[in-house]
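Student: got a structure for you, letters missing:
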């Protein structure tokens, strides 16, 4: 699954857990909401658990639930937890080193991509999981998601 899909699916499943933060949900229940395979859910949950956002319990009545309050989880936290690669990629083949543009392109684009990702993370940090849940439950109450300042 591409990193961008992992992020979107991670936000979705955490918002689902945020509906009933104390309740354990199974990967099958979550997969039904996200329309993805339970194995994908379990892999994402492992990353989110490692990042301290979710906890699991085995056995009857077990599953996964939030380990922090929804207002304590930002979308930047989710992005960092599920990120598997850079959002912008440099080409796999190196440019022609004899070309003055080719010599500089990797360095130039790397700087630009780094700045763009930092800006994206700053923006994601302004929104909490609670904001997403509120917007999902009351979509007509606001045209945009409330922001943490």
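Tutor: It's in. Worth saying up front: this structure is predicted, and the values here are computed from it rather than measured. Numbers count the residues shown, from 1 in each chain.

Student: only the buried residues of the longest helix anywhere in the chain, if you could.
Tutor: Counting residues, the longest helix found in the chain (DSSP state H) is helix 100-124. Residues of helix 100-124 classed as buried under the neighbour-count rule (16 or more other C-beta atoms under 10 Å) are 105, 121, 124. Any C-beta I mention is one placed from the backbone N, CA and C, and that applies to glycine too.

Student: for it, packing partners?
Tutor: If contacts are counted by 3 or more C-beta pairs under 8 Å, 6 or more residues apart in numbering; DSSP states H and E, helix 100-124 sits against helix 75-82.

Student: helices of the protein, residue ranges please.
Tutor: Assignment of helices within the chain using DSSP H yields the ranges 3-19, 27-34, 38-50, 75-82, 100-124, 129-137.

Student: let's have these in a markdown table, adding mean pLDDT and distance to residue 91.
Tutor: Supplementary listing: the helices of the chain in a markdown table, determined by pLDDT from 0 to 100; distance: least, C-beta to C-beta, whole Å:
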| stretch | mean pLDDT | distance to residue 91 |
| --- | --- | --- |
| helix 3-19 | 88 | 18 |
| helix 27-34 | 92 | 32 |
| helix 38-50 | 94 | 28 |
| helix 75-82 | 94 | 24 |
| helix 100-124 | 91 | 9 |
| helix 129-137 | 92 | 34 |
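
Student: among those, which is nearest residue 67?
Tutor: Using C-beta to C-beta as the criterion, the shortest distance between residue 67 and these is 7.6 Å, found for helix 38-50.

Student: tell me the angle the closest one makes with helix 3-19.
Tutor: 80 degrees (axes from the mean of the first three to the mean of the last three C-alpha atoms, to 10 degrees).

Student: may I see the buried residues of helix 38-50?
Tutor: Of the residues in helix 38-50, those buried by neighbour count under the rule 16+ other C-beta under 10 Å are 38, 40-41, 44-45, 47-48.

Student: next one: the residue of the chain positioned farthest from its centre from residue 106, what distance?
Tutor: Farthest-out residue of the chain from its mean C-alpha position, per C-alpha atoms, centre = their mean: residue 98, at 40.3 Å. For residue 98, the distance to residue 106 (C-beta to C-beta, to the nearest Å) stands at 14 Å.

Student: thanks again, I'm all set now.
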